[in-house]
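> Provided below are the primary sequence and the corresponding predicted coordinates.
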Amino acid sequence: MKNNVILETNFPTLKFVKKGKVRDLYDLGDYYLIVSTDRLSAFDVIMAQGIPFKGKVLNRISEFWFNHTSHIVKNHLITTDINKFPKECLKYADVLEGRSMLVKKTDVIPIESVVRGYITGSGWADYKRTGEVCGIKLPEGMEESEKFSEPLFTPSTKAEIGLHDENISEQKAKEIAGADTIKFIKEMTIEIYKSAVDYALSKGIIIADTKMEFGRIGNEIILVDELLTPDSSRFWPLDKYEKGKSQESFDKQFVRDHLISVKFNKQPPPPMLPEDIIHKTSEKYLEALKMLTGESL
């Protein structure tokens, strides 16, 4: 399938709201339009090159999970069918097709709702240093990539582009967003994660951890942003899983590994990525889509 890499969107007749690391947001009056570009952020720096098909994969996987988990909690998705978008969007259909969604407007809760099923990444680093993950005391002698007996809820702050999300305690999250709100999003995050883990395992994928965002419409809290994508989660191949070491993954790990190898200082401007790294990363995103949904682009 032909793919034009989209790094920026430019829709002069639509009201632009903001540019995220990957998504561009437009205000359509009653709704928001979210467009998933092919931008890639590594170490919180946006790379100069895009990853072919990435935005379309993220859009489709989010749509899949929003539908799969809608019985647990409502979400902001209205449609991904551009024929059902407001008519002012149709002149941009060639860009929007397959990489956009019309969503409800919400007041976003300023907390990243992180759930960890396995000890890896910054959690593993914290544990080695303190015996804890985000202030949660863990048993001695755990190994890298080991599964927790129960998923851990480890919230973080939501950072602007170029800044790092900051891990915070559950108590601090309650101070920011309110105790009842955090209790609800914690319960929903863990329930959604457990449901997704069971499904993904049946397809040969381990979801090691993920982060979710929630927003309010009046008194109701719903899921927003993206859901259980290779950008917001760690996906590991089940058939290659072995605790005691870091795992292969279905995401931008090729890019991270390359940047580490060239001693990238994690500050803009980023180095140019070799074509083989871009190609391998694109293949991983497409493979995750195929395994989870049975679909190809």
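On my side now, so go ahead. Everything quoted here is computed from the prediction, not taken from an experiment.
> Just give me the neighbour total for residue 121.
16 (other C-beta atoms under 10 Å). For glycine as for every other residue, the C-beta is placed from the backbone atoms N, C-alpha and C.
> shouldn't residue 191 be in contact with residue 72?
Yes. Applying C-beta atoms under 8 Å, one finds residue 191 in contact with residue 72, separated by 5.4 Å.
> how about the longest strand along the chain: buried residues?
Longest strand in the chain, counting residues (DSSP state E): strand 205-217. Within strand 205-217, the residues that qualify as buried are 205-215, counting by 16 or more other C-beta atoms under 10 Å.
> Just the buried positions in the next helix or strand after that strand, please.
Remark: after strand 205-217, the chain's next helix or strand is strand 220-224, criterion DSSP states H and E. For strand 220-224, burial by neighbour count (16+ other C-beta under 10 Å) applies to 221-224.
> Save these as a markdown table, and put in distance to residue 58 too.
Converted to a markdown table, those look like this (distance: C-beta to C-beta, whole Å):
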| residue | distance to residue 58 |
| --- | --- |
| 221 | 23 |
| 222 | 19 |
| 223 | 15 |
| 224 | 15 |
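> Name the nearest of these relative to residue 152.
Residue 152 lies nearest to residue 223 out of the buried residues of strand 220-224, by C-beta to C-beta, at 19.6 Å.
> residue contacts, the closest residue to that closest one other than its chain neighbours?
Excluding the flanking residues, the one nearest residue 223 by C-beta to C-beta, 6 or more residues apart in numbering is residue 75, at 3.9 Å. Residue 75 makes contacts with 66, 69, 222-224, 227, as judged by C-beta atoms under 8 Å, 6 or more residues apart in numbering.
> closest to residue 157 among these?
Nearest to residue 157 among the contacts of residue 75, counting by C-beta to C-beta, is residue 224 at 16.5 Å.
> residues in contact with the closest one?
75-76, 103, 106, 108, 213-215.
> Let me have those in CSV, extended by distance to residue 142 and pLDDT.
As requested, the contacts of residue 224 are exported to CSV (distance: C-beta to C-beta, whole Å; pLDDT from 0 to 100):
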residue, distance to residue 142, pLDDT
75, 33, 98
76, 36, 98
103, 39, 98
106, 37, 97
108, 34, 95
213, 28, 97
214, 29, 98
215, 34, 98
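> count of neighbours near residue 94?
Residue 94, neighbours per other C-beta under 10 Å, totals 8.
> any idea how far residue 82 is from it?
Applying C-beta to C-beta, to the nearest Å, the value for residue 94 to residue 82 is 10 Å.
> and the angle for the longest strand of the chain with strand 220-224?
Strand 205-217 and strand 220-224 are oriented at 140 degrees to each other (axes from the mean of the first three to the mean of the last three C-alpha atoms, to 10 degrees).
> What is strand 205-217 packed up against?
The contact analysis (3 or more C-beta pairs under 8 Å, 6 or more residues apart in numbering; DSSP states H and E) places strand 205-217 against strand 107-108, strand 111-118, helix 179-202, strand 220-224, strand 233-237, helix 275-293.
> tilt between it and helix 275-293?
Calculated by the same axes, to 10 degrees, strand 205-217 forms an angle of 80 degrees with helix 275-293.
> Got phi/psi on residue 130?
Backbone torsions of residue 130, given as degrees, to the nearest 10, read phi -130, psi -10.
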